[in-house]
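[1] Could you work out the structure for the sequence below:
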Amino acid sequence: GGGGGGSQLKHNLLLHCIGTIVSPYTKRMGTPRQGALVPSGRGYIQLKIPAECVEGLESFSHAWVLFTFHANTDTPNAKPNNNGFMNLSKTKIRPPRGNGTKVGMLATRSPHRPNNIGLSLVKIVRVDKKMKQLHIAALDLVNGTPVYDIKPCVPWDL
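    Model prediction:
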């Protein structure tokens, strides 16, 4: 939707952290780029919300985890200009498997993005309601990563 009368609307999003990743990967370097590359990698999400919120999630094999790249050390210089658009200092990058070809940053899985938001597919191992933990495998997330949402992966996602 759009705003009427030429008014400039600002669409900022306030997210509330619902949990934190507990992972064997303590540093950004050495963390798998994709969880499927290390299916034995295990950890859990320590929930800050009632455990009842994840009840039933164990009936799915995988879940999407929405998080922030909190360990980034060099984010793009993204500042709104007079029109409210982002001025990005690094709009094209060379992805690791791109044969040296530069592509737009949003055409990659780079953690360096305008909004620092990540999406990861993890395998659901079990829900521990007593400890408020969602145990996961095939993870590619750094210890301490803030989690903002969890959604079951359904067959029509793939």
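[2] Next, count neighbours for the nearest residue to G41 once chain neighbours are set aside.
    Distances taken as C-beta to C-beta, 6 or more residues apart in numbering place L139 nearest to G41, at 5.2 Å, with adjacent residues excluded. Placement of C-beta: from N, CA and C, glycine included. L139 has 26 neighbouring residues, counting by other C-beta atoms under 10 Å.
[3] What separation do you get for L139 and I45?
    Going from L139 to I45 by C-beta to C-beta, to the nearest Å gives 9 Å.
[4] Burial check on V154, number of neighbours?
    There are 10 residues near V154, going by other C-beta under 10 Å.
[5] shift numbering so it begins at 873
    From this message on, residue numbering opens at 873, which makes the last subject V1026.
[6] Just to check, it is in contact with S933?
    No - taking contacts as C-beta atoms under 8 Å, V1026 lies outside contact range of S933: 10.0 Å.
[7] quick one: which helix or strand includes the residue positioned nearest the centre of the chain?
    Centrality entry for the chain: nearest residue to the mean C-alpha point is G990, 2.3 Å, by C-alpha atoms, centre = their mean. With secondary structure defined by DSSP states H and E, G990 is part of strand 989-1000.
[8] can you list residues touching both of V1026 and S933?
    By C-beta atoms under 8 Å, 6 or more residues apart in numbering, V1026 and S933 have no common neighbours.
[9] coming back round to it: okay, the following helix or strand past the strand holding G990 in CSV with CA atoms only?
    Toward the C-terminus, strand 989-1000 is succeeded by strand 1005-1009 as the next helix or strand (DSSP H and E). Extracted as CSV, the C-alpha positions of strand 1005-1009 are listed here (Å, rounded to 0.1, in the frame of the first residue of the first chain):
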residue,chain,number,x,y,z
GLN,A,1005,14.5,-24.6,24.8
LEU,A,1006,14.0,-25.4,21.2
HIS,A,1007,16.8,-27.9,20.3
ILE,A,1008,17.9,-27.6,16.7
ALA,A,1009,20.5,-29.2,14.4
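[10] how about the next helix or strand after strand 1005-1009: buried residues?
    Sequence order places strand 1018-1024 as the next helix or strand after strand 1005-1009, per DSSP H and E. Neighbour counts using 16 or more other C-beta atoms under 10 Å place 1018-1020, 1022, 1024 of strand 1018-1024 among the buried residues.
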